[in-house]
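>>> okay, predicted coordinates and the sequence, questions at the end:
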Amino acid sequence: MPEHPLKIYEDLDPKLLDLVNNTRDLALADGALPRKIKLLIAMVLDAVHGASDGVQSLAREAIKAGATREEIAEVLRVAQYICGVGCVYTAARALKDVLK
C-alpha cells in the first residue's frame, strides 16, 4: 500500500493532520447517507478535480464499504453529465488497477 499522502504532517504539523482526519471521519461517517454513498460522492469529486490518486483510494474504500462496479460506473455517469468528460479520463486512469 502506498504511503499516506499527508504523512509529512505527522512531524510537520500534527494538529493540522488531526484536524484533517477528524473532518474526514465526520464527513464520511454513516448518517442519513451511508458511508458507501459518501465515498462514491467523494470519489467523483476527486475525478472532477483531476485527482486520480484520490479516485483510486476512495474507490478502494467504497468497494470495502460494499460499493459495486456498477455503482462506481453510475456515479461516474452523473459526474460526466454535470462536469464533462475530463473526469471520465481521470477515473479511467485511477480505476484500471482497482477494477481488474
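Sure thing, it's come through.
>>> quick one: mean pLDDT over stretch 35-46.
For stretch 35-46, mean pLDDT rounds to 98.
>>> and for stretch 3-17?
93.
>>> in that stretch, what's buried?
9, 17 (16 or more other C-beta atoms under 10 Å). Glycine gets a C-beta too; all of them are placed from N, C-alpha and C.
>>> helices along the protein, start to end?
Remark: helices assigned in the chain by DSSP state H are 9-12, 14-28, 35-48, 52-64, 69-83, 86-95.
>>> show me what counts as buried in the last one.
Along helix 86-95, these residues count as buried under the neighbour rule (16+ other C-beta under 10 Å): 87, 90-91, 94-95.
>>> Throw these into a markdown table and include distance to V48 and pLDDT, thanks.
Below are these laid out as a markdown table (distance: C-beta to C-beta, whole Å; pLDDT from 0 to 100):
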| residue | distance to V48 | pLDDT |
| --- | --- | --- |
| C87 | 5 | 97 |
| T90 | 8 | 97 |
| A91 | 9 | 97 |
| A94 | 12 | 96 |
| L95 | 15 | 97 |
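>>> show me which of those is closest to D25.
A94 (22.8 Å; C-beta to C-beta).
>>> surely the closest one meets A59?
Yes. Using C-beta atoms under 8 Å, A94 is in contact with A59, at 6.8 Å.
>>> nearest residue to A79 other than its sequence neighbours?
Using C-beta to C-beta, 6 or more residues apart in numbering and skipping the chain neighbours, the partner closest in space to A79 is V44 (4.0 Å).
>>> I'd say the one you found and C87 touch.
Yes. Taking C-beta under 8 Å as the definition, V44 is a contact partner of C87 at 6.8 Å.
>>> circling back: pick the most buried one from the helices of the chain.
helix 35-48 (a mean of 21; mean count of other C-beta atoms under 10 Å).
>>> residues touching that helix, excluding its own?
27-29, 33, 52, 54-55, 58-59, 61-62, 65-67, 71-72, 75-76, 78-79, 83, 86-88, 90-91, 94 (C-beta atoms under 8 Å, 6 or more residues apart in numbering).
>>> contacting residues around A79?
A79 is in contact with 44, 47-48, 87-88, 91, counting by C-beta under 8 Å, 6+ apart.
>>> having no further points to raise, I will conclude here.
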